[in-house]
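Student: here is a sequence with its predicted model. Questions after.
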Amino acid sequence: MTDSDSTAPSDTTETAITFSDLALSDAVLKAVRDIGYETPSAIQAATIPTLLEGRDVVGLAQTGTGKTAAFALPILSRLDVSQSKPQALVLSPTRELALQVCEAFEKYATHMRGVHVLPVYGGQAYGVQLSALRRGVHVVVGTPGRIMDHLAKGTLDLSELKYLVLDEADEMLKMGFAEDVETILADTPDDKQVALFSATMPAQIRRISKKYLNNAEEITVKSQTTTSANTSQRYLVVSYPQKVDALTRILEVENFEGMIVFVRTKSETENLAEKLRARGYSAAAISGDVAQAQRERTVNQLKSGKLDILVATDVAARGLDVDRISHVVNFDIPVDTESYVHRIGRTGRAGRSGSAISFVTPRERRLLTAIEKATRQPLTQMQLPSVEDVNSTRLTRFDDAITEALNQQPRISAFRDIIAHYVEHHDIPEADVAAALAVVAQGETPLLLSAEEERAQRFIERDDRKARTDRPERGGERGGDRGDRPERRPRSTKPMAAYRIEVGKRQRVEPRQIVGALANEGGLSRDDFGHIQIRPDFSLVELPADMSKDVLERLRDTRISGKLIEIAPDRKANGGGARGGDGKYPSRDRSFEGGARANREREESRGYNNRDSAPRNDAGRDNTSRDSGNRYEDRPTRKPRTKY
């Protein structure tokens, strides 16, 4: 694949390289200095000179190492502002990452006049994107599905494309965008410069790089671990019912600026955010159900400091890069190590320090072991903050509040006379008056926790453990101390409806491709998917029955394996039996209830349930059907369904 491979050190380059040494344009260099960047990261120092030379690049580096600047800075340095057609295309796996990359381009192009960057992703109205494309843009950042839609409609002209970037290529392949990516690579000019960035190098990515990249240089940022060394990693062993209280204690004692709390399901995001708001914290939820405009407002609130805690799922938080995020809490520990790396990568980015705390139930210790093995970093066990720890933190904050108030001398002077008047007329010591004012300011909430509360909490935990061990045996054989887990829910509790999409086995689609494409374009989450049946020429997918028309409209333009899916409600599955690709009705197919209902109706119409009204022969069959030359005559004798 490459004529030369290079390895960049993990932390610093061998010589003290600065951005001034990388031959960037003056306008871009000025923007970099304004932001505060001084020395390039390893991937930046190795990649920027190669891209400025015009060579293709394959960059292997973990998330949070500065890959965006590694390709954005050289592209902007070589951009021709006088040309109105798109010159650079960046493909991202998710809309969140696309917006993040777009913001980075705009930030680096602050001192470049007339540069237009357009994010193109599913979930946003076409009108905004079409208007911008007609006016002319220089850089397009988008998801593969929406880019394919614009190419099919003829609204995106890539005939003058000079630079193409595949950001987080491994994630795009996992989400089922492989064929879309290859189509875009094949349909763009052959002389374009291609940069491919990925955290891993699976065989499919290596095949794509060999096929579509010319004389590419492979640059690998080797590190001792797959997680940032700037992020401290701790874990707390806690039972599931005690997680919210444990999180509250941690929020009391940890000195955090901004925090992301990760949960597994989108329903849990709002539940947890509501509980945190009830405890006085500024928290909001973000998931696949949240509209794109609301997502953007929530992220902006987190950046500006109006919001302190963001409760999110993995997909919703993918690509977030907010300077204020000092802590990441895995409220639900991820089941795979890659998700763990991506989660804690939201903090400790680009040289900043961060802290990651994971809640581990007793039965999840195996997941903890797998994470430590994959990251090659031990996680330090922490203890639940005690009452003394919480009280000490509260007293420190109380002291700080008094010190800050004492600095407001004009207001202090106004109240000093009022307090002196009260002391003189009521003969009360000033210390007692100050204590009384503290009571008024504190309200009904006690300033300090009591030891009795902690003892009561221990009794609750002890009773809870006892109740779990006293549960009846599961299945009559196995004991069940699974009280640390929530009650297992069905895959989806909401009403579902069957939808037909025009891709099937002939297109070699897989369920993961269907889920990835529909989730990305329609803003759906994993809980929104029911059964998926892949037939020869089409597939049936169960989706929420109350899915809005806007979501359905966006999904109609989705492509899987390069083909438009043309999603539409499947009337046969929803009301009269799902017909298979061979034209037969599967009588035992329980995926869609309509199929079984239709089979019963057909049997009744053929007289199978009215056998008492006709004489039977010894074989148990209707004589009338034999005499009338029924077409079922040659079938073997059928055992009666019900004995009368």
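Tutor: The structure has been received and is ready for your questions. Residues are numbered from 1 along each chain as shown.
Student: distance from the host helix or strand of L73 to the middle of the chain?
Tutor: Assigned by DSSP states H and E, L73 falls within helix 67-77. From the chain centre to the centre of helix 67-77 is a distance of 25 Å (Cα atoms, centre = their mean, to the nearest Å).
Student: now do it: which elements does it pack against?
Tutor: Contacts defined by 3 or more Cβ pairs under 8 Å, 6 or more residues apart in numbering; DSSP states H and E place helix 67-77 against helix 26-35, helix 42-52, helix 95-108, strand 163-166, strand 193-198. In this view, the C-beta of every residue, glycine as well, is placed from N, C-alpha and C.
Student: what would those look like in CSV with distance to K211?
Tutor: Supplementary listing: those in CSV, determined by distance: least, Cβ to Cβ, whole Å:
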stretch, distance to K211
helix 26-35, 32
helix 42-52, 20
helix 95-108, 24
strand 163-166, 13
strand 193-198, 11
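Student: now the ones you listed as a markdown table including mean neighbour count and distance to L302?
Tutor: A markdown table is the format used below for the helices and strands packed on helix 67-77 (neighbours: other Cβ atoms under 10 Å; distance: least, Cβ to Cβ, whole Å):
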| stretch | mean neighbour count | distance to L302 |
| --- | --- | --- |
| helix 26-35 | 17 | 19 |
| helix 42-52 | 23 | 26 |
| helix 95-108 | 22 | 13 |
| strand 163-166 | 26 | 26 |
| strand 193-198 | 24 | 25 |
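Student: nearest residue to V509 other than its sequence neighbours?
Tutor: The shortest distance from V509 to any non-neighbouring residue, by Cβ to Cβ, 6 or more residues apart in numbering, is to V503 (5.0 Å).
Student: look up how far D528 lies from the one you found.
Tutor: Going from V503 to D528 by Cβ to Cβ, to the nearest Å gives 19 Å.
Student: neighbour-wise, which of these two wins?
Tutor: With neighbours defined as other Cβ atoms under 10 Å, V503 and D528 compare such that V503 has more, 25 against 22.
Student: my guess is the more buried one is in a helix, correct?
Tutor: No. Read with DSSP: H, G, I helix; E, B strand; the rest coil, V503 is coil and lies in no helix.
Student: contacts only, for it.
Tutor: With contact taken as Cβ atoms under 8 Å, 6 or more residues apart in numbering, V503 is in contact with 509, 514, 538-539, 560-561, 563, 565.
Student: swap in I567?
Tutor: By Cβ under 8 Å, 6+ apart, the contact set of I567 is 499-501, 552, 555-556, 558.
Student: what of Q513?
Tutor: Applying Cβ under 8 Å, 6+ apart, we find Q513 in contact with 175-176, 560-561.
Student: in strands, which of the residues you listed fall?
Tutor: The members of these that map onto strands under DSSP state E are I560.
Student: tell me the one of the contacts of Q513 nearest L384?
Tutor: M175 (37.7 Å; Cβ to Cβ).
Student: quick check: chain neighbours aside, which residue is closest to that closest one?
Tutor: By the measure of Cβ to Cβ, 6+ apart, the closest residue to M175 outside its immediate chain neighbours is G516, 3.4 Å from it.
Student: report the angle between the axes of whichever strand or helix holds that neighbour and helix 95-108?
Tutor: Using DSSP H and E, G516 falls within helix 511-522. With axes from the mean of the first three to the mean of the last three Cα atoms, to 10 degrees defining the directions, helix 511-522 sits at 50 degrees from helix 95-108.
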